[in-house]
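Asks: model this:
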Amino acid sequence: LPDAYEAAVQEQKLEVVGYHQVELESCGKDGVVFKCTVAVYPEVTLGQYKGLEAVQLPTEADDEDVANELTNMLDRNSRLVTVEDRAAEMGDTAEIDFEGFVDGVAFDGGKGENYPLELGSGSFIPGFEEQVAGHKTEEAFDVNVTFPEEYQAENLAGKDAVFKVKIHEIKTKEVPALDDEFAKDVSEFDTLDELKADLKKQLSEKKAEEARRDLENQLLEQAIDGMEAEIPEVMFTKRADEMINDYAYRLQAQGIDLQTYLQYMGQDMDAFRATFKDGAEKQVKASLVLEAIVAAEKLEATEDEINAEIDKLAQQYGMEAEQIKKAVPADQIAADVTTKKALDLIVDSAKLVAKKAEKKAAKKSTAKKSTAKKADDEKAEKKPAAKKTAAKKPAAKKTLWITGGVAALLLVGVAALGMFRVRQAKDALDQMAQPATPQREIGVYVLEDDPAQTLEDTAGYAYGGVEAGAGSLALVGQALGQEPPWQEYPTAFALADALG
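Replies: Numbers count the residues shown, from 1 in each chain. A predicted model of the protein is given here:
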């Protein structure tokens, strides 16, 4: 049967995807007749992919961007100092004990001790932090709140609660002065002006990368919308399986098995699989449309281009070129090169409309500033939790179209696992095992307005105190909050294996 099937496939020159279904037609003296139903690789009819219109985001940083980054740097280099002569104020960090009661009965997980709560962070349910403000050290008092209707613990959603609270210590944030001494402390530069110039250069590079990525996403989606193809469902299923298997592999590399991860995230396998559905469909369609453009335009990868790509990968991953060649077949690298060419063709032929990017105000600190240079032995203290909540799923709603950016691809994979490790580590440190403490979403830590800031705040927890470099944090910050791009280009997987 297998030999007869293979012969039939070759005779009809079919490119089969997925498994075949066999039906027995007849069986007699003359032999066996069977029918195989197979899904075949779709024929693609391209729509418009040249001359598409897209919005071009700004590619250069301005003074406001630099000012926002400096504010973030000041905040990261601030320190907490104990306050003894006044009551707690919004912006302070209060170390508290608390225990929650509903209808006079303590509920599971509603108790915490020596918890560092930043007042005004929005970490706890609405109204809690505001009622802590105004009280002094060693003062005990009640906090009356109502759990949100959408609260995660259904038995508490919408319920009135009373928390018995006691403050042990109040700390205020002391922010250094923004001057030449600050520039010397946080960089290799001697003056603030030099630091500003370097920040502007780095931020401009980052904005240019973000603008390019956004442009590719817009145009690729339009090209997909114009494409006609009967895509077998098995291609989407297979892609989702690959994404899940790769996700599990990466978890395993971090010492976490998939079932443990699902239990931690409160998901079953069906719900977990559903989170990959849209991303798998978009990735399959992206692959099809780009392959069709490569064929239509007769795009090829020259030997020099392949070698240049190998050298680039070797430099990015600190490997020898020969190691890259052994880890990744040349035809896979060639496919990446031609795919990039197809995407470049779409972008280069596009009609761009300039648009001013919306800016987010830098986080303002309510702390007092100190003009003294920070002593070498003073260390900034970590914030207890991020500001907002996120649904419990391994990926967010948007898809990141990475079409050959292998370095970014692997970094995003690390980022997704990194945030899981951040959550896991911070859960342990903050005693977050109880699911009903007065936080909006228990045990889930997400990005603040500044992704790099959040990751830098928590990097010490996740990576044993080793802070990641600013460039890596910026890349990871861009990537998080988007669909994990376990893209169809196999180069990344081969390199991941080679790198262990």
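Asks: can you show me the strands along this structure?
Replies: Applying DSSP state E to the chain gives strands spanning 16-28, 31-40, 53-56, 79-83, 93-102, 105-118, 140-146, 160-176, 351-354, 368-370, 398-399, 482-483.
Asks: for residue 241, find the nearest of those strands.
Replies: strand 16-28 (10.6 Å; Cβ to Cβ). C-betas here are computed from N, CA, C, even on glycine.
Asks: re earlier: tabulate the strands of the chain (CSV), appending distance to residue 250, mean pLDDT and mean neighbour count.
Replies: Converted to CSV, the strands of the chain look like this (distance: least, Cβ to Cβ, whole Å; pLDDT from 0 to 100; neighbours: other Cβ atoms under 10 Å):
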stretch, distance to residue 250, mean pLDDT, mean neighbour count
strand 16-28, 25, 75, 11
strand 31-40, 29, 79, 13
strand 53-56, 32, 93, 16
strand 79-83, 35, 93, 16
strand 93-102, 35, 95, 20
strand 105-118, 30, 91, 17
strand 140-146, 39, 95, 15
strand 160-176, 36, 95, 19
strand 351-354, 36, 89, 11
strand 368-370, 43, 41, 13
strand 398-399, 18, 24, 18
strand 482-483, 15, 34, 22
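Asks: is it possible to get JSON lines of the ones you listed that adds distance to residue 239?
Replies: Listed next are the strands of the chain as JSON lines, based on distance: least, Cβ to Cβ, whole Å:
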{"stretch": "strand 16-28", "distance to residue 239": "10"}
{"stretch": "strand 31-40", "distance to residue 239": "13"}
{"stretch": "strand 53-56", "distance to residue 239": "26"}
{"stretch": "strand 79-83", "distance to residue 239": "48"}
{"stretch": "strand 93-102", "distance to residue 239": "45"}
{"stretch": "strand 105-118", "distance to residue 239": "39"}
{"stretch": "strand 140-146", "distance to residue 239": "44"}
{"stretch": "strand 160-176", "distance to residue 239": "45"}
{"stretch": "strand 351-354", "distance to residue 239": "31"}
{"stretch": "strand 368-370", "distance to residue 239": "53"}
{"stretch": "strand 398-399", "distance to residue 239": "12"}
{"stretch": "strand 482-483", "distance to residue 239": "12"}
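Asks: quick one: closest of those to residue 214.
Replies: Nearest of the strands of the chain (Cβ to Cβ): strand 53-56, 8.0 Å.
Asks: how far is that closest one from where the chain is centred?
Replies: 25 Å (Cα atoms, centre = their mean, to the nearest Å).
Asks: how about residues contacting it?
Replies: 211, 214-215, 218-219, 222, 350-355 (Cβ atoms under 8 Å, 6 or more residues apart in numbering).
Asks: closest to residue 118 among those residues?
Replies: Among the contacts of strand 53-56, and counting by Cβ to Cβ, the member closest to residue 118 is residue 214, at 32.6 Å.
Asks: contacting residues for that closest one?
Replies: Listed by Cβ under 8 Å, 6+ apart, the contact partners of residue 214 are 55, 57.
Asks: worst mean pLDDT across the helices and strands of this protein, which element?
Replies: Every helix and strand of the chain was ranked by mean pLDDT, DSSP states H and E. The lowest is strand 398-399, at a mean of 24.
Asks: pick out the most distant pair among the contacts of strand 53-56.
Replies: 222 and 354 (18.1 Å).
Asks: re the thing from before, now the contacts of strand 53-56 in JSON lines, with distance to residue 146?
Replies: Below are the contacts of strand 53-56 laid out as JSON lines (distance: Cβ to Cβ, whole Å):
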{"residue": "211", "distance to residue 146": "44"}
{"residue": "214", "distance to residue 146": "40"}
{"residue": "215", "distance to residue 146": "45"}
{"residue": "218", "distance to residue 146": "43"}
{"residue": "219", "distance to residue 146": "47"}
{"residue": "222", "distance to residue 146": "46"}
{"residue": "350", "distance to residue 146": "51"}
{"residue": "351", "distance to residue 146": "52"}
{"residue": "352", "distance to residue 146": "49"}
{"residue": "353", "distance to residue 146": "47"}
{"residue": "354", "distance to residue 146": "47"}
{"residue": "355", "distance to residue 146": "41"}
